[in-house]
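Chemist: generate coordinates for the sequence data below:
(chains A and B)
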Amino acid sequence: MNSSTCKDSVELLLEYLDGELNTELKARLEQHLDGCSPCEDFLKSYQATPALCRKALAREMPREVAAKLTDFLRSEMAKAAK
Amino acid sequence: MSLDAESRKIQGSAPLIPSEDTELLTRAQAGDVAAFEGLVERHRSRVFGLAQRMLNSADDAAEVLQESFLSAYRNLPNFRGDAQFGSWVYRIAANHALMRLRHRKVVNQVEGPLDGPQFNERGSLVEEVSDFRDAEGEAMDKELREAIEAAAARLGAEYREVFVLKDLEGLSYEEIAELTGSTVPAIKSRLHRARLSLRTAIDHFYQERS
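Modeler: Next comes the predicted model:
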């Protein structure tokens, strides 16, 4: 089995986490991760990124936006009814 | 049910039950305005959230919200109910948001290579990697939130759309391909680049703090 670099390994992370790597690539990546603590940490941080972003970018709809939507739709529906 | 229930929490109210949509939809298609308003009330938060995250602008998101529900209203007679109303209006909103994202010129957005990890000539990581797994369970730090917002705002449109649709909205690759007209491999490639860029921004945040 060929040894792989950190750069090779990072490129495989998305498909690894999706469970879509073939057996050979998965084994090669896991072998690299076992012997490379920076990549092991990198995988953990890569894996944590979407959840942190979801939390950071969560937004509630302001009440005034809901009120404006109501007014807008009522106005448009009234026009359509004429 | 009406849109004026201001005392209710706008987000995170009653769980959405498709059968309630079916009843409201039948009445709305028969011309019942209050029933259409009921559908709007049930789905407006999700639509607004999608548009806000996609466009990074509350004003643009509010316009997408209006356009999307107006479009749904005008097309109610053609909606045959073989899909859920919520999925249908969500797709309408996603299309409106994507069109805006692709066609507008985003103020201060720098289109350039995305940030990512640094490697030496042998392909080894040259930087120390922060451990930020534990931050997932904590309340979001204001400065971290701002760092992530800034990094997300720097993503070009083609990266932002796949990141929002997959990592924030939870759509499948196939659904994203249908919405964006891109291939699944292209979507995966852009998602990976977007994640690397955002990971780098979060990593820098922790490095600077420590």
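Chemist: quick check: the residue of chain A nearest chain B.
Modeler: Here chain A gets closest to chain B at one residue, residue A:5, 3.0 Å apart by Cβ to the nearest Cβ. Heads up, the C-betas are built off the backbone N, CA and C, glycines and all.
Chemist: so that residue sits against residue B:124, correct?
Modeler: Yes. Applying Cβ atoms under 8 Å, one finds residue A:5 in contact with residue B:124, separated by 6.3 Å.
Chemist: who has more neighbours, these two?
Modeler: Of the pair residue A:5 and residue B:124, residue A:5 is the one with more neighbours under other Cβ atoms under 10 Å in any protein chain shown, namely 17 against 14.
Chemist: chain neighbours aside, what residue packs nearest to the residue of chain A closest to chain B?
Modeler: Nearest residue to residue A:5 in three dimensions, chain neighbours excluded: residue B:123, at 3.0 Å (Cβ to Cβ, 6 or more residues apart in numbering or on different chains).
Chemist: same deal with residue B:65?
Modeler: Here the nearest residue to residue B:65 in space, its sequence neighbours aside, is residue B:48; by Cβ to Cβ, 6+ apart that works out to 5.1 Å.
Chemist: now the helices for the chain?
Modeler: Using chain A here. In chain order, chain A shows helices spanning A:6-11, A:13-17, A:23-35, A:37-56, A:63-81, with DSSP state H as the criterion.
Chemist: the intended chain is chain B.
Modeler: With DSSP H as the criterion, chain B has helices at B:18-29, B:33-55, B:58-74, B:85-103, B:142-154, B:157-163, B:173-180, B:184-209.
Chemist: helices and strands around the shortest one, which ones?
Modeler: Judged by 3 or more Cβ pairs under 8 Å, 6 or more residues apart in numbering or on different chains; DSSP states H and E, helix B:157-163 is in contact with helix B:85-103, helix B:173-180, helix B:184-209.
Chemist: how many residues are close by residue A:3?
Modeler: With neighbours defined by other Cβ under 10 Å, the count for residue A:3 comes to 9.
Chemist: my guess is it contacts residue A:29. True?
Modeler: No. Taking Cβ under 8 Å as the definition, residue A:3 is not a contact partner of residue A:29, at 11.4 Å.
Chemist: neighbours of residue B:131, how many?
Modeler: Neighbourhood size, residue B:131 [other Cβ under 10 Å]: 12.
Chemist: repeat that for residue A:80.
Modeler: 11.
Chemist: residue contacts, it?
Modeler: Residues touching residue A:80, when contacts are defined by Cβ atoms under 8 Å, 6 or more residues apart in numbering or on different chains, comprise B:73, B:74.
Chemist: re the thing from before, ok, the residue of chain A closest to chain B - contacts?
Modeler: Neighbour list for residue A:5: A:32, B:119, B:122, B:123, B:124 [criterion: Cβ under 8 Å, 6+ apart].
Chemist: need these in CSV (columns: pLDDT).
Modeler: As requested, the contacts of residue A:5 are arranged in CSV below (pLDDT from 0 to 100):
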residue, pLDDT
A:32, 96
B:119, 91
B:122, 91
B:123, 92
B:124, 91
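Chemist: can you pull up the most central residue in the chain?
Modeler: You didn't say which chain, so I picked chain A. With distances taken as Cα atoms, centre = their mean, the residue of chain A nearest its centroid is residue A:50 (3.9 Å).
Chemist: nope, chain B please
Modeler: For chain B, counting by Cα atoms, centre = their mean, the most central residue is residue B:50, which lies 3.4 Å from the centre.
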